[in-house]
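In: Quick one, what's the 3D model for this:
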Amino acid sequence: MRKGLLFLPLVIFAALAFFFVSQLEKNAQGDDPTKLESVLVGQPVPEFRLEDLKAPDKAYDQAIFSGEPLLLNVWATWCPTCYAEHQFLNKLAVQGVKIIGLNYKDDRAKAIKWLDNLGNPYQISLYDGDGMLGLDLGVYGAPETFLIDANGIIQYRHVGDVNASNWAQTLGPMYQSLKEEVQ
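Out: Residues are numbered from 1 along each chain as shown. Predicted coordinates for the structure are as follows:
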């Protein structure tokens, strides 16, 4: 056996250690590894035509995203975090926040039952059974929420649940600012 091969595990270990330390330093400087940028921020909602979740004979397109700021919430019954955020979304809806739901890669009957049992915070519920609009939006999974202005332009993408903390710190002030621009 060559003597050089004896040092190979040490070299590999040193390279991995360097990589992990550099990532820790990067995160300590304020980079958030869970933050997923969206190339669609500043762009209109992609064109689509989707059925209403409860009324398959009724279809919507991107025109529903004009007129006033709103949230587009991507959710599914198979998503435990969606369940966790649902009660907060109901509170926001009661407070007058306009929310459109995008039921993503889900079973329609289960989704309808979910809303019937847990309350429906959505003014419109879109059914994206094959996930094509989600794909066009760059959705990695559920929940994800997009803040959309009155002109149908995506202003912000939030990955994870919407809760009291991130609503107070980020989403709420952005939403309120967009509402004030329209008034």
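In: Nearest residue to the middle of this structure?
Out: residue 144 (1.3 Å; C-alpha atoms, centre = their mean).
In: For it, which non-adjacent residue is closest in space?
Out: Distances taken as C-beta to C-beta, 6 or more residues apart in numbering place residue 74 nearest to residue 144, at 4.5 Å, with adjacent residues excluded. Where C-beta positions appear, they are placed from N, C-alpha and C, glycine not excepted.
In: care to break the protein down by domain?
Out: Domain ranges of the chain: 1-33, 49-182, per automatic domain parsing.
In: Pick out the shakiest of these, pLDDT-wise.
Out: Among these, domain 1-33 has the lowest mean pLDDT, at a mean of 58.
In: Counting neighbours, what do you get for residue 53?
Out: Other residues within reach of residue 53 by the criterion other C-beta atoms under 10 Å amount to 24.
In: List phi and psi for it.
Out: phi -60, psi -50 (degrees, to the nearest 10).
In: now swap in residue 126 and tell me
Out: With angles defined as degrees, to the nearest 10, residue 126 sits at phi -90, psi 140.
In: Around it, how many other residues sit close by?
Out: So residue 126, with other C-beta under 10 Å, has 22 neighbours.
In: What of residue 39?
Out: 9.
In: That one reaches residue 138, doesn't it?
Out: Yes. Taking C-beta atoms under 8 Å as the definition, residue 39 is a contact partner of residue 138 at 6.9 Å.
In: Please identify the helix or strand for residue 114.
Out: Using DSSP states H and E, residue 114 maps to helix 108-118.
In: For that helix, list the C-alpha coordinates in CSV.
Out: This file holds the C-alpha atoms of helix 108-118, laid out as CSV (Å, rounded to 0.1, in the frame of the first residue of the first chain):
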residue,chain,number,x,y,z
ARG,A,108,-59.8,17.4,-3.1
ALA,A,109,-62.2,15.6,-0.7
LYS,A,110,-59.7,15.7,2.2
ALA,A,111,-59.1,19.4,1.5
ILE,A,112,-62.8,20.3,1.6
LYS,A,113,-63.3,18.3,4.8
TRP,A,114,-60.3,20.1,6.3
LEU,A,115,-61.8,23.5,5.6
ASP,A,116,-65.3,22.4,6.8
ASN,A,117,-63.8,21.2,10.1
LEU,A,118,-61.1,23.8,10.8
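In: Give me the helices and strands touching that helix, please.
Out: helix 80-94, strand 124-128 (3 or more C-beta pairs under 8 Å, 6 or more residues apart in numbering; DSSP states H and E).
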